[in-house]
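> Fold the following, please.
(one chain, ligands or ions: 1)
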Amino acid sequence: FAQGWVFIRGVPSMKFLPPEGPLEIAFAGRSNVGKSSLINAILGQKLARTSNTPGRTQELNYFVPDGYSGEGKDLPPIAVVDMPGYGFAEAPKEQVDAWTRLVFDYLRGRSTLKRVYVLIDARHGVKKNDAEVLDLLDRAAVSYQLVLTKIDKIKAAGVPRLMEETAQAIKKRAAAYPEILATSSEKGAGLDELRGAIALLLEE
Ligand code: GDP
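Below is the predicted model:
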């Protein structure tokens, strides 16, 4: 895993995407699911984030290992993409539509996108808007894996049932990777497993 990471650009539409490198992974999730915390924990540093406040420009945020610009021939071995959060209660329809357009174009058009990690708040499970995102991923035929966040908020006795319910939500989904990861950025749980899963993709 790279030692240091840098933000290279925010992508509001397809024409602003950086050149394709060998491999890309992305993180998606409802706003407040703990996506920034998890990305920071996985990459081992606090990354500058552009705001995900409702109404602001929605962008795909690109991070690459330090030392690569991501431009021209200076392509990184891996890029990590922080996708804009979804599921704002107050989001106007145009904003939801813009999100869906950007994300679906990206999912369909990015051949180097290896996997999307879809973060699910352990306290809430797979909600309707999460399921809609899984529908998009299935339609785009992009491999994805569910990652439960904030597992520290769940009593240990409740975890097996949560895992079972989450597994049910992806059982019949074509592009879903069957193994579900349970993480806590706060307590450090599951982070090695997630890093290991990403490292395996790099080796493929
Ligand atoms: P984002 O909107 O998805 O990027 O979410 P953030 O990473 O900003 O986190 C949203 C809130 O959840 C913040 O108050 C975090 O402190 C909290 N949070 C994030 N990860 C965890 C976790 O693993 N455990 C607990 N208990 N809280 C968390």
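> tell me the residue furthest from the middle of the protein?
Ala157 (27.4 Å; CA atoms, centre = their mean).
> Helices of the chain, residue ranges please.
35-43, 93-109, 128-140, 159-170, 191-203 (DSSP state H).
> follow-up on the earlier one: pull up the gap between the residue farthest from the centre of the chain and Arg139, please.
Distance check for Ala157 against Arg139: by CB to CB, to the nearest Å, it reads 37 Å. Placement of C-beta: from N, CA and C, glycine included.
> repeat for Leu102
15 Å.
> The two - which one has more neighbours?
Leu102 (19 against 13; other CB atoms under 10 Å).
> Surely Pro72 touches Pro19?
Not Pro; residue 72 is Gly. Yes. Gly72 is within contact range of Pro19, at 7.3 Å (criterion: CB atoms under 8 Å).
> Can you tell me the closest non-neighbouring residue to the most centrally placed residue in the chain?
Closest to where the C-alpha atoms of the chain average out (CA atoms, centre = their mean) is Phe27, at 0.9 Å. For Phe27, ignoring the flanking residues on the chain, the nearest one in space by CB to CB, 6 or more residues apart in numbering is Tyr117 at 5.0 Å.
> so how many other residues sit close to that neighbour?
25.
> Ala197 versus that one, what's the distance?
In terms of CB to CB, Tyr117 sits 8 Å off from Ala197.
> Name the residues contacting each of those two.
Gln145 (CB atoms under 8 Å, 6 or more residues apart in numbering).
> got the residues of this protein near the ligand?
29, 31-37, 52, 85, 149-150, 152-153, 184-186 (CB under 6 Å from any ligand atom).
> Drop anything exposed from those residues.
Burial by neighbour count, 16 or more other CB atoms under 10 Å: within the residues of the chain next to the ligand this picks out Gly29, Val33, Gly34, Lys35, Ser36, Ser37, Asn52, Gly85, Thr149, Lys150, Ser184, Ser185.
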